[in-house]
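Engineer: I need the structure of the sequence given here:
(chains A and B)
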Amino acid sequence: MLHLIIFLVFGLICVAGAVNLLVQSHPINSALSLIAVMASLAVEYLLLGAEFVAAVQVIIYAGAIMVLFVFVIMLLNAGVEERTSGSKVAVIFGVPGVLIGSALVAWVLLTRSDTNPVNVGALPGDPKTIAGLLFHDFLLPFEITSVLVLIAIMGAVVLASHPESVQQAKREG
Amino acid sequence: MVPLSYYLILSGILFACGVTGFLIKRNIITIFMSIELMLNGVNLSFVAFAAQWKALSGQVFVFFVMVVAAAEAAVGLAIIISVYRNRETLNVDRVNLLKL
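Structural biologist: Residues are numbered from 1 along each chain as shown, chains lettered A, B, ... in the order given. Modelled structure (predicted):
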């Protein structure tokens, strides 16, 4: 019962944050509500017994990635977004379509599912067990991921660097 | 004791909010944040199914999704900075050089 209450409270925070992201017109408000969504999702992961994933969610998602977003919003001095005609068409067709789609998914899940309730702590999701999987069964994907991150670092540096300042540095050096 | 379908419905709502934001938002940074919201919804269903089928590989998969999301955020925000430098705008309707 307590688990259900915790699930509902943080699920409501999650949904409220996601809707607030859509309603707000200033990107910094959207970023802050996305942080609220991610933090409450970490609690949902804890309820499912996934301790490692919850910790990584807070550290990487709510920490690193969102700091990057807020940094770019501040850097580009992003203001209130302007509305154009293209977005009105998207609102007219997109919002009802998404509502119908999610209602359909919810109806199918609630009526046709014969799934068991999820027990808290039924699954050991602590860092030791995850590390055992990650460095044994998933060693090759893990190593490939390191190459991916390296390429992403180089791509970000190349894309974000100013071409003229690079040329100037070449001439001076 | 929370039924699995509740987790899946929450994940579906998050994904639907992400899709809606992707469609109706005009600010390129907010569109990018909607993509992150969709990734979060998918992650929640991964963890819920991992708990349902007692398969820890689902949680390892979430870890990989997070790594890819971090790489994607770094490169995507660099692209946004580059677009802003060239076009002086963050509105996607004004970045229409490829439009006929």
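
Engineer: Confidence-wise, which helix or strand of chain B is lowest on average?
Structural biologist: Every helix and strand of chain B was ranked by mean pLDDT, DSSP states H and E. The lowest is strand B:2-3, at a mean of 82.

Engineer: Let me know the next secondary structure element after it.
Structural biologist: Using DSSP states H and E, the helix or strand that follows strand B:2-3 in sequence is helix B:4-24.

Engineer: Could you pull up the mean pLDDT of that following helix?
Structural biologist: Mean pLDDT, computed over helix B:4-24, is 89.

Engineer: In that helix, which residues are buried?
Structural biologist: By 16 or more other CB atoms under 10 Å in any protein chain shown, the buried positions in helix B:4-24 come out as B:4-24. From N, CA and C alone the C-beta is placed, and that goes for glycine too.

Engineer: Which other helices and strands does the least confident helix or strand of chain B contact?
Structural biologist: helix A:2-23, strand A:117-118 (3 or more CB pairs under 8 Å, 6 or more residues apart in numbering or on different chains; DSSP states H and E).

Engineer: what's the offset of the longest helix seen in chain B from the middle of its chain?
Structural biologist: When chain B is parsed with DSSP state H, its longest helix is helix B:57-87. The gap between where helix B:57-87 is centred and where its chain is centred comes out at 9 Å by CA atoms, centre = their mean, to the nearest Å.

Engineer: which intervals of chain A have sub-threshold pLDDT?
Structural biologist: A:83-87, A:113-123, A:166, A:173 (pLDDT under 70).

Engineer: still on that earlier bit, out of the buried residues of helix B:4-24, which touch chain A?
Structural biologist: Among those, proximity to chain A is found for B:4-10, B:12-14, B:16-21, B:23-24 (CB under 8 Å from any CB of the partner chain).

Engineer: still on that earlier bit, in TSV, list the helices and strands packed on strand B:2-3 along with mean neighbour count and distance to chain B.
Structural biologist: Compiled in TSV, the helices and strands packed on strand B:2-3 are given as follows (neighbours: other CB atoms under 10 Å in any protein chain shown; distance: least, CB to the nearest CB, whole Å):
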stretch	mean neighbour count	distance to chain B
helix A:2-23	17	4
strand A:117-118	19	4
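
Engineer: Please produce JSON lines containing these, extended by distance to A:V158.
Structural biologist: Below are the helices and strands packed on strand B:2-3 laid out as JSON lines (distance: least, CB to CB, whole Å):
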{"stretch": "helix A:2-23", "distance to A:V158": "30"}
{"stretch": "strand A:117-118", "distance to A:V158": "44"}
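
Engineer: I'd like to know which of those lies nearest to A:M38.
Structural biologist: Taking CB to CB, helix A:2-23 is the member of the helices and strands packed on strand B:2-3 nearest to A:M38, at 8.5 Å.

Engineer: Alpha carbons only: can I get the closest one in CSV?
Structural biologist: What follows is helix A:2-23, C-alpha atoms only, in CSV (Å, rounded to 0.1, in the frame of the first residue of the first chain):
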residue,chain,number,x,y,z
LEU,A,2,2.8,2.4,0.9
HIS,A,3,4.6,1.5,-2.3
LEU,A,4,1.5,2.3,-4.3
ILE,A,5,1.2,5.7,-2.5
ILE,A,6,4.8,6.5,-3.2
PHE,A,7,4.4,5.4,-6.8
LEU,A,8,1.3,7.6,-7.3
VAL,A,9,2.9,10.7,-5.7
PHE,A,10,6.0,10.6,-7.7
GLY,A,11,4.2,9.5,-10.8
LEU,A,12,2.0,12.6,-10.5
ILE,A,13,5.1,14.8,-10.0
CYS,A,14,6.5,13.2,-13.2
VAL,A,15,3.4,13.8,-15.3
ALA,A,16,3.0,17.4,-13.9
GLY,A,17,6.6,18.1,-14.8
ALA,A,18,6.2,16.7,-18.3
VAL,A,19,3.0,18.7,-18.9
ASN,A,20,4.7,21.8,-17.5
LEU,A,21,7.5,21.3,-20.0
LEU,A,22,5.0,21.6,-22.8
VAL,A,23,3.1,24.6,-21.3
